[in-house]
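Participant: Generate coordinates for the sequence data below:
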Amino acid sequence: MALSASCAVNCSITNDFSSLVGVINEITPDYVFHLAARAGVRGGWGNIFDAYQQANVTSTQRLFEVCRSSPRLRQFILASTSSIYGHNPPLPTPEDADLNPQSYYAISKLSCEKLGEA
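Facilitator: This next block holds a predicted model:
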C-alpha cells in the first residue's frame, strides 16, 4: 500500500498568521508534524520569558488555528518534552504519569499540549 500525502517543511517558528494560512491553504496537508520550539530547560524566566511564550505557545496556537480549517488534515502531531513530568519521572515514563513541570520551558510545552486538547 502506497502512502500518498502532501508534505511541507518549514524550519522557522512564525507568528505571521497570514503566511501560515497561505502555506496551509497552498499545500492542504494530510499531516502536520509540529517540531518547532524554543528549547532550554534552564532558560525561560526573566527577560526571555516573552520569547518562550511567543515561540512555543503563541506559535502553536496559531498553527492549530490555521490547521482547523484545512480540509484534508487527518492528523496534527505535536512534539512535546519529557520535562513536563518533572526532574525525576519514572523510566520509562508512561504518558499518563503525573505532570510536574519545573521550568517555564516545560510549562510552555504543556500549555501547547493543552491547547491541542481544547
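Participant: Got the phi and psi for Y52?
Facilitator: Per-residue torsions, Y52: phi -70, psi -40 (degrees, to the nearest 10).
Participant: can you give me the strands for the protein?
Facilitator: 31-34, 75-78 (DSSP state E).
Participant: weakest of these by average pLDDT?
Facilitator: For those, mean pLDDT drops lowest on strand 31-34, to a mean of 90.
Participant: partners of that strand in the sheet?
Facilitator: Strand 31-34 sits in its sheet next to strand 75-78 (parallel), going by DSSP bridges.
Participant: Sort out which residues of stretch 23-33 are buried, please.
Facilitator: Residues of stretch 23-33 classed as buried: 24, 29, 32 (neighbour count, 16 or more other CB atoms under 10 Å). C-betas here are computed from N, CA, C, even on glycine.
Participant: no wait, stretch 99-110
Facilitator: Buried, per 16+ other CB under 10 Å, within stretch 99-110: 101, 103-110.
Participant: packing partners for the helix of greatest length in the chain?
Facilitator: Counting residues, the longest helix found in the chain (DSSP state H) is helix 104-117. Helices and strands touching helix 104-117, by 3 or more CB pairs under 8 Å, 6 or more residues apart in numbering; DSSP states H and E, are helix 49-52, helix 59-68, strand 75-78.
Participant: Fine by me, we can end here.
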